[in-house]
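S.K.: pasting the sequence and the predicted model now:
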Amino acid sequence: MTVKVSIAMVSILREGLSAGVGVKYKRLADAVEKAIAAGVIEAGCKLPPHRLLADSLGVTIGTISRAYGELERVGLVVARVGDGTYVRQRGMERPQDSGFRNVSDEPQASFDMSRNQPIPGQETAFMSQSLLALAQDSRTLQELTGYTAEAGLARHRAAGAQWLRHQQFVPSAEQVLCVNGGQHGLLCALTGLLKAGDTVVTEHLSYPGLIGVARQLGIKLIGAAMDDEGLLPSALDDICRQHRVSALYCTPTIQNPTAAVMSIPRREAIAEVCRQHNLLIIEDEAHAVLDRQRPLPLSYFAPQRSVLIGSLSKAVSAGLRVGYLHAPQALIGRLSAAIRATCWMANPLAMEVASQWIENGMAQRLLDEQISEIGRRKALVSPALDGLNYRTHSHSPHFWVEVPALWRASQIAAELKEDNYLVATAESFAVGHAVVPQFIRVSVCNSVGDDGLLLAGFEALNRALTETV
């Protein structure tokens, strides 16, 4: 039986390769599907090993693996670990999509590796404890149900200063403003300190949230060249000499998406260029807290012109929507006005919970768990990236993976999406009209706590990038 099936498969697949349409693995899968439907390959038959078919057909093992994977995805075959791949019995195939579907008939949701989000931990239990305690504190609840100052309550600003503190950078509570998450902080900084028509320089691959809000506000973005440390001071200087620039937005620590970290000399050089050209610095530190040994922020080197954006969203809880701005005293009034114009005040209840967590150590505990789990997950999936060129940082929640020549990142992303895996491409981060590098950002932070799914996603990425079409 095995010999006959192997011989028949080789003949069927050769014909499929020569007469089929599309990429190789799709041609192979289509040929097997037709043979199963015609009864040439019977239900219950064990399909030949990957290597045998690859050698016989002159294709890579990866091509056969992807063809078998496609057949398994549509329900025609089933893979048994350690035993092989078998044709399913009749009547067990997955129903083909036709017409309208009930909600229960919807295909399985995609496994999202495109987003950096906090990995679920003990925040739900902590939230329950905090809300129960608050329910018994009528005086605090009364204070939280009314209007507060635009910049936030004094104790909330003090907690924010404590959260932003790092080494010799010791913020003053009077220079901290409470905002509804880092994105809201960015909106307030741009709204309060810039105007439509102003120009902001940023990394030529930058945070998509900046791109979106700048477009809405009519602010022009110019992308500056980068290296392995991030933004190049010489590139920033050249742009400032050629354009009228108002501000710099950058992510010095665990840059999004390249995961670059600026050295102290680089930060000092960037601060000096900004002083020479009188630029406002908007510094995004949302991911920075994941690196306890990170260098001092740009705000330390240029305190009179820097606005630092901090947040609990990437390290503690995204749903709280708690963030902080640290700014020179001279800019506090304008930033407060921007907060008032966009939401009047940050949510006092969320700020109260966050402040308690910062004060009693729960926030630090959640941060520690986040750092540990990111490290564990990265250790799990790193072997699946063997043979690929990629960049990351030990505390970055994502990898920045290069797409081989002759391929486009969008093609790889589309193929992975067909298999229900989502990744982000460089196009999402591109600023300006320079050539977009062919890279993919893939994160370990999916909220589904399934190591098997996570590893399978990274293995699927490896197959997609090493496949010969």
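M.R.: In hand now; what should we look at?

S.K.: enumerate every residue touching L290.
M.R.: Contact partners of L290, counting by CB atoms under 8 Å, 6 or more residues apart in numbering, are I254, K314, A315, L367, Q370, I371, I374, H395, S396, P397. For glycine as for every other residue, the C-beta is placed from the backbone atoms N, C-alpha and C.

S.K.: go again with 6 Å.
M.R.: I371, H395 (CB atoms under 6 Å, 6 or more residues apart in numbering).

S.K.: just the pLDDT at it, thanks.
M.R.: L290 is assigned a pLDDT of 95 by the prediction.

S.K.: report the distance from the biggest helix by length in the chain to the chain centre.
M.R.: The residue-count maximum for a helix in the chain (DSSP state H) belongs to helix 362-381. Relative to the chain's own centre, helix 362-381 is displaced by 16 Å; criterion: CA atoms, centre = their mean, to the nearest Å.

S.K.: which strands and helices sit next to the helix or strand immediately after it in the chain?
M.R.: The first helix or strand that comes after helix 362-381 along the chain, using DSSP states H and E, is strand 390-391. For strand 390-391, the packing partners by 3 or more CB pairs under 6 Å, 6 or more residues apart in numbering; DSSP states H and E come out as strand 398-402.

S.K.: quick one: the strands in the stretch 301-450 of the chain?
M.R.: For the stretch 301-450 of the chain, applying DSSP state E, counting those that start in this stretch gives strands covering 306-311, 323-326, 390-391, 398-402, 421-422, 424-425, 439-443.

S.K.: what does the longest one contact?
M.R.: Here strand 306-311 makes contact (CB under 6 Å, 6+ apart) with 164, 181-182, 185-186, 189, 281-286, 297-299, 323-324, 326-327.

S.K.: if we go to 7 Å?
M.R.: Contact with strand 306-311 is made by 163-164, 181-182, 185-186, 189, 281-286, 297-299, 323-327, 331, as judged by CB atoms under 7 Å, 6 or more residues apart in numbering.

S.K.: which ones among the residues you listed lie within strands?
M.R.: Counting by DSSP state E, those place I281, I282, E283, D284, G323, Y324, L325, H326 in strands.

S.K.: ok, the residues you listed vs S65, which is closest?
M.R.: Taking CB to CB as the measure, S65 sits nearest to D284 out of the ones in strands among the contacts of strand 306-311, at 40.0 Å.

S.K.: may I see the buried residues of stretch 325-335?
M.R.: Across stretch 325-335, burial judged by 16 or more other CB atoms under 10 Å covers L325, H326, A327, P328, L331, I332, L335.

S.K.: between the strands of the stretch 301-450 of the chain, which gets nearest to V78?
M.R.: Of all the strands of the stretch 301-450 of the chain, it is strand 421-422 that lies closest to V78, at 20.2 Å by CB to CB.

S.K.: how distant is the closest one from the center of its chain?
M.R.: From the chain centre to the centre of strand 421-422 is a distance of 12 Å (CA atoms, centre = their mean).

S.K.: what lies in contact with that strand?
M.R.: S110, F111, D112, M113, S114, G457, A460.

S.K.: tell me if V201 really is in a helix.
M.R.: No - applying DSSP: H, G, I helix; E, B strand; the rest coil, one finds V201 to be strand, outside a helix.

S.K.: the nearest residue to M362 once chain neighbours are set aside: how many residues sit nearby?
M.R.: In this structure, M362 finds its nearest non-sequential neighbour in F126, 5.1 Å apart by CB to CB, 6 or more residues apart in numbering. Residues lying near F126 (other CB atoms under 10 Å) number 20.

S.K.: in whichever helix or strand F126 is part of, what counts as buried?
M.R.: Here F126 is covered by helix 123-135, with elements defined by DSSP H and E. Across helix 123-135, burial judged by 16+ other CB under 10 Å covers E123, F126, M127, S130, L134.

S.K.: what's the closest of those residues to E72?
M.R.: Of all those, E72 sits closest to E123, with 36.4 Å by CB to CB.

S.K.: got a quick ChimeraX command for the buried subset of the contacts of strand 306-311?
M.R.: What follows is the ChimeraX syntax selecting those of these that are buried according to 16+ other CB under 10 Å:
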select :163,164,181,182,185,186,189,281,282,283,284,285,286,297,298,299,323,324,325,326,327,331
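
S.K.: now do T253 against L455, distance only.
M.R.: According to CB to CB, to the nearest Å, T253 and L455 sit 28 Å apart.

S.K.: go on, L380?
M.R.: 6 Å.

S.K.: also R408?
M.R.: 26 Å.

S.K.: please parse the chain into its domains.
M.R.: Per automatic domain parsing, the structural domains of the chain span 2-95, 111-119+370-466, 136-365.

S.K.: that concludes my questions; thank you for your assistance.
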